[in-house]
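Undergrad: What would the 3D arrangement of this be:
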Amino acid sequence: MSRCFLSVRPRARALPAFTSSTALSALFSLRSLSALTLAAVAPAALLAAEAQTAPPRKLDDITVTGSRSPMRLADVLGDLTLISRDDIERQGYGSLPDLLRNVAGLEMSRNGSAGANTSLYLRGAETRHTVVLIDGVRIDSQSSGGADWQTLPLSQIDRVEVLKGPASALYGSDAIGGVVQIFTRRGNGRTQVELGLGGGNLGASRADASITGGSRRFDYAASLAMDRGTGFNSYVRTGTSSSNPDKDGWRNYSGSLRLGSWLNDAHRIEAVAFKSRTNSGYDASRTADDRNITTTESGRLAWTGVWSPALSTDLSLSESRSELETGPTSVYLTRTRLRTATLQAFYRVDEHQQINALLERREDQLDNSALVTNGKDTRYDNALGLSYLLKAGAASLQLHGRHDDDQQFGGVNTGIAAAGYQLGGGWRATASVGNAFRAPTLYQRGSIYGPNLALPGVEALRPERAHNAELGLNWTGAGHEFAITTYRNEVRDLIAFGAAGTCPSSTGCYGNIAQATLRGTSLKAGTQLGRVHLSGHLDLSDPTDNSTGNTLARRARRFGSLRADTDLAAWTLGATLQGSGERWNDAANKTRLGGYGLVNLDATWRFTSDWRVQFNLDNAFNRSYQTATYYAQAPRTWMVTLRYSPSF
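TA: Numbering: from 1, shown residues only. Have a look, this model is predicted:
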C-alpha cells in the first residue's frame, strides 16, 4: 500500500529541508520578530524546501502547497499545478506572469510591456484573491491588495506550485482564488555554476549568474540577474492627455541568497533572502517619461527539528516589503511591510494518518499619505490551524480548519474537507468543499476613501467571503494523463469603490457592495506520442457579477493552450499555441476586447556538455491584441540566450 505522506526520519538530508522562504528576515529587526515568535505562529513554508527539483511529468514529484506538508503530487486532493525548472528555462526570459499564462485556470491582463501593471485571475477571482509566497514568505500590498506579479523575474525561480481554489483554511486571508508559491534555487551536493547572457529585439538584454552547492552539513545558493529592454509604446489611444508615442521600456535587477546548515542529523537552520527592483515606463502625459519603480524584498529565518520518527516541527520568522513609486506626472509612494512568526508541528500517527498543527502571528504596516492616521496604519492577526490527513487503501481524506483573530474585525473560521477514491484502472475521483475570506486592506479601511465611522449608521468594512465546492476526475496511464475539474465559488461582500457619502472623500468610498459567482470547468491532458510529448488545457469559465448578471471585466469565458516538445540528439524543440476568447474590458460589458491566438516557439541546442544556446520566438505571427483597452501587448519578440554550466 503506497504511503500518502513522506516519512520524516532523523537522518541528514532525509528530513524535509526547511521550506523555502526568504530570509532577508535576518536583515530585518530580529528584536520585533523574536517577540512575535513568542506569541507563536505558523506557516511551515519550511517544508517547501524539501520540494526538490525532479524531472518534469513525474507523478512522484513532492509538493508542499496543497497541504502545507510534503506530499506526492499524485496524492494531492486539490487542483495543483507544478512548474519545474525545465519548464521555466523553456520560457527563456520574462517575468512570472509570462510563465503562468499557460497554467490551467489562470488568465492574465497586462497594461502594456514587461514591468507594466499586471493582473492574474485564478479561476476568475480578482488578483487580490490569490496568495503569493516566495519561499513561504507572503508578498502583498496593503494599498492595492495582491502581489506585484510583474516584478518577479524567472531567473531567480527554481519551481512554482499553483493551488487552485479557496485555501484560507491553510493560508488565512486572501486565498479565495488560490495560492501561488515560488521557490528560489537551493544548493544540494557538488558545486554548480551557471552563467547566462542573452539579447533580442525591443532592445532586450539579460544576464544572470548563479552558484549552488553544499556538503553533508552545509548548503548554499546565490544568484544575480539583470533584465532590460527599450520596449514598445504601451498606450495606443491617441488624442488624449496621457497619450505619448514613446517606447515604454523596463529594467529589472534581482538577487537571492540561501544558506542552510544541519546542526546534527535532526536539526537544521536556514536563512533565505530575495530582492527585486523594477523600473518600467508608462504613459501618464504627452511629454514626461513617467515611471513605475517597484521594489519587492523578502526574508526568512527557519529552524526545523525532528524530535522522533513521528514528530517534527518548523519555526520561522519572516518579513516582506513591497514599495511602489510613480512619477513625475503623477507622484505616488506606498510601502507595505508584513512580518510573520510561524510554528508548525507534524505528527505521524501511523503509516496512514498524519496530524498537522499550526500557530501564526502576522503584523501588517502600510505607509501611504492617503491614510487618515498620519500616513501610517498597522494591524495584527493571530491564527490557529489544524489538519488531518488520511490515506487508507483506495480512499484519501484531508480535513483542514483554521481560526483567524484579526485586530480590526474579529474572528473568522475557515475549513476545507476533501476526499479522493482510486476507482481502478488509473482513475481517481475527488471532491471538496471549503470557504475562504479576504480582510480589507489597511488602505481600504484607513484611507480617506474608507468608511467614516464617526458618521451615524456607517459600518466598518467587512471581510470578503467565499464558499466553494468542486469535483474532479483524473486518469493516468503509461505516458498519458487526463484531468477534469468543475467548480462553483460563491463570493459575497466584495469590496468595491462606490458612491461618495460615507467617507472623507467627495469622489467616492469603498464599501461591501458586490457579489460574484465564479464557476467553470477545467480540462488538462498530456500524452507521449513516440518522441513527442503533447500537453494542453481548456478552460470553460463563467465569472458573473450577481448584481447585474454581467461577466466580470477582463475575463474570457474560453481560454486554453496546447504544447508539443521533443528531444532530437542535442536539440530540444518546443511549440506552444495559446488561445483566448473575447472578453469585456468593463464591468458594464460595453467595451469588447477581441479574442486572440498566439504561437510561441523555443529551441535549445546543447553543443557541448557545458554549453548550450536557447532560442525563443514569442507571438511568432506578430498578432496585435489587447487584454486591457488601449494597452498594446508585445509584438513578435525573439531572444537568444547563451548558457554556460561547467562541471566540477
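Undergrad: who's in contact with Ser505?
TA: Ile448, Tyr449 (Cβ atoms under 8 Å, 6 or more residues apart in numbering). All C-beta atoms are positioned from the backbone trio N, CA, C, and that covers glycine.
Undergrad: and it, that one's in a helix?
TA: No. Using DSSP: H, G, I helix; E, B strand; the rest coil, the secondary structure at Ser505 is coil, not a helix.
Undergrad: Show the backbone phi and psi for it.
TA: Per-residue torsions, Ser505: phi -80, psi 140 (degrees, to the nearest 10).
Undergrad: Check it and give its pLDDT.
TA: In the predicted model, Ser505 carries a pLDDT score of 88.
Undergrad: just the one 10 residues further on next, same as before
TA: Confidence per residue is given as pLDDT, and for Gln515 that number is 96.
Undergrad: ok, and for stretch 480-493, which residues are buried?
TA: Glu481, Phe482, Ala483, Thr485, Tyr487, Asn489, Glu490, Val491, Asp493 (16 or more other Cβ atoms under 10 Å).
Undergrad: The residue nearest to Ala483 when sequence neighbours are not counted pairs with what?
TA: Spatial nearest neighbour of Ala483, chain neighbours left out: Asn474 (3.8 Å); criterion: Cβ to Cβ, 6 or more residues apart in numbering. With DSSP bridges applied, Asn474 shows beta-bridge pairing to Arg428, Ala483.
Undergrad: Asn474: neighbour count?
TA: The criterion is other Cβ atoms under 10 Å. On that basis, Asn474 has 19 neighbouring residues.
Undergrad: That one contacts Ile484, correct?
TA: Yes. Under the criterion of Cβ atoms under 8 Å, Asn474 is in contact with Ile484, at a separation of 7.4 Å.
Undergrad: A helix includes Arg90, no?
TA: Yes. Assessed by three-state DSSP, Arg90 belongs to a helix.
Undergrad: show me the contacts for it.
TA: So Arg90 contacts Asp565, Thr572, Gly574, Asp602, Thr604 (Cβ under 8 Å, 6+ apart).
Undergrad: please redo it, this time with the cut-off set to 7 Å
TA: Gly574, Asp602 (Cβ atoms under 7 Å, 6 or more residues apart in numbering).
Undergrad: Gly249 now?
TA: Contacts of Gly249 by Cβ under 7 Å, 6+ apart are Gly203, Gly229, Thr230, Gly231, Gly281.
Undergrad: Surely it forms part of a helix?
TA: No. Applying three-state DSSP, one finds Gly249 to be strand, outside a helix.
Undergrad: so how far is Thr294 from it?
TA: 15 Å (Cβ to Cβ, to the nearest Å).
Undergrad: Over to Leu617?
TA: Remark: distance between Leu617 and Thr294 (Cβ to Cβ) = 28 Å.
Undergrad: Ok, Pro456 next?
TA: 41 Å.
Undergrad: Gln515 now?
TA: 32 Å.
Undergrad: swap in Gly178?
TA: The value you get for Gly178 to Thr294, if Cβ to Cβ is used, is 23 Å.
Undergrad: And these two? Which one has more around it.
TA: With neighbours defined as other Cβ under 10 Å, Gly178 and Thr294 compare such that Gly178 has more, 27 against 22.
Undergrad: Neighbours of Trp605, how many?
TA: Using other Cβ under 10 Å: Trp605 sits among 14 other residues.
Undergrad: my guess is it meets Thr572, correct?
TA: No. Using Cβ atoms under 7 Å, Trp605 is not in contact with Thr572; the gap is 8.2 Å.
Undergrad: Read off the pLDDT value for the residue nearest the centre of the chain.
TA: With distances taken as Cα atoms, centre = their mean, Val180 lies nearest the centre of the chain, 2.7 Å away. At Val180, the model reports a pLDDT of 96.
Undergrad: The one 5 residues further on now?
TA: Taken from the predicted model, the pLDDT recorded for Arg185 is 90.
Undergrad: In contact with it, which residues are there?
TA: Arg185 sits in contact with Asp158, Ser210, Thr212, Ala221, Ser223, Ser256, where contact means Cβ under 7 Å, 6+ apart.
Undergrad: show me what contacts Thr576?
TA: Thr576 neighbours (Cβ under 7 Å, 6+ apart): Asn102, Ser561, Arg563, Asn600.
Undergrad: State the pLDDT value of it.
TA: The model reports Thr576 with a pLDDT of 96.
Undergrad: Quickly find the element holding it.
TA: Using DSSP states H and E, the element containing Thr576 is strand 571-580.
Undergrad: Arg300 touches Arg138, doesn't it?
TA: No. Arg300 lies out of contact with Arg138 (Cβ under 7 Å); the separation is 10.6 Å.
Undergrad: Among the two, which residue is more densely surrounded?
TA: For the pair Arg300 and Arg138, the greater number of neighbours falls to Arg300 (34 against 26), based on other Cβ under 10 Å.
Undergrad: quick one: that one from Asp135, how far?
TA: Distance from Arg300 to Asp135, by Cβ to Cβ: 6 Å.
Undergrad: Kindly report the same for Gly187.
TA: Taking Cβ to Cβ, one finds Gly187 at 14 Å from Asp135.
Undergrad: More neighbours: which of these two?
TA: Asp135 (32 against 20).
Undergrad: does that one really touch Gly299, like I thought?
TA: No. Under the criterion of Cβ under 7 Å, Asp135 lies out of contact with Gly299, with a separation of 9.2 Å.
Undergrad: tell me the strands in the stretch 301-450 of the chain, going along the chain?
TA: 311-327, 332-348, 353-368, 376-392, 395-406, 410-424, 427-438 (DSSP state E, counting those that start in this stretch).
Undergrad: Now do the fifth one and strand 410-424, the angle between them.
TA: Here strand 395-406 runs at an angle of 170 degrees relative to strand 410-424 (axes from the mean of the first three to the mean of the last three Cα atoms, to 10 degrees).
Undergrad: what's next to strand 395-406, contact-wise?
TA: Counting by Cβ under 7 Å, 6+ apart, 4, 67, 75, 77, 168-170, 172-173, 379, 381-390, 411-421, 439 sit against strand 395-406.
Undergrad: Now list the buried members of the residues you listed.
TA: Looks like the contacts of strand 395-406 have 4, 67, 75, 77, 168-170, 172-173, 379, 381-385, 387, 389-390, 412, 414-420, 439 buried, using 16+ other Cβ under 10 Å.
Undergrad: Mean pLDDT per element in this protein, and the minimum belongs to which helix or strand?
TA: Lowest on mean pLDDT, DSSP states H and E among the helices and strands of the chain sits helix 30-39, with a mean of 34.
Undergrad: Can you name the next helix or strand after that one?
TA: strand 62-63.
Undergrad: The closest residue to Arg558 other than its chain neighbours: neighbour count?
TA: Using Cβ to Cβ, 6+ apart and skipping the chain neighbours, the partner closest in space to Arg558 is Gly581 (3.8 Å). Using other Cβ under 10 Å, Gly581 is surrounded by 17 other residues.
Undergrad: Touching, Gly581 and Thr551? I think so.
TA: No. Judged on Cβ under 7 Å, Gly581 makes no contact with Thr551 at a distance of 10.7 Å.
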